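1. One predicted model, sequence on top.
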Amino acid sequence: MDQIRLQEATYRLEHRHGDGSWGPMTEQPSHHAPADHDPERSWGRRRLFRCTRCDEAVLIGPAEDAPPSPPR
């Protein structure tokens, strides 16, 4: 196992609720288009995580996949 994968496996993702408690986030499958079912397209791409205690979600992925920021 390479070091990058080993380090990646040791992290957990949580977010803070309004009451100060922390909620664990778990990875969720994301299927929005037929191309999303092609496993080769999704390797190393965006990943969706959802809180196990509320409906908050976060999407992470490479910067080149991010939509452009709106002008200020």
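-> Sure, I can see it. It should be emphasised that the depicted structure is a prediction, and the values quoted were computed from it without experimental measurement.
2. can you map out the helices along the protein?
-> 3-9, 39-42 (DSSP state H).
3. tally of neighbours for residue 16?
-> Each residue near residue 16 was counted by other Cβ atoms under 10 Å, and the total is 10. No exception for glycine: its C-beta is placed from N, CA and C like everyone else's.
4. OK, contacts around the nearest residue to it once chain neighbours are set aside?
-> Of all residues not flanking residue 16 in the chain, residue 22 sits nearest, at 5.7 Å (Cβ to Cβ, 6 or more residues apart in numbering). Residues in contact with residue 22, defined by Cβ atoms under 8 Å, 6 or more residues apart in numbering, are 14-16.
5. And residue 24, by the same measure?
-> Contacts of residue 24 by Cβ under 8 Å, 6+ apart are 12-14, 51-53.
6. at 10 Å instead, please
-> Residues in contact with residue 24, defined by Cβ atoms under 10 Å, 6 or more residues apart in numbering, are 12-15, 49-53.
7. So what's the model's average confidence on stretch 64-72?
-> Average pLDDT, stretch 64-72: 64.
8. any idea how far the closest residue to residue 13 other than its chain neighbours lies from residue 64?
-> Leaving aside its chain neighbours, residue 13 sits nearest to residue 25 (4.1 Å; criterion: Cβ to Cβ, 6+ apart). Look at residue 25 and residue 64: by Cβ to Cβ, to the nearest Å, they are 23 Å apart.
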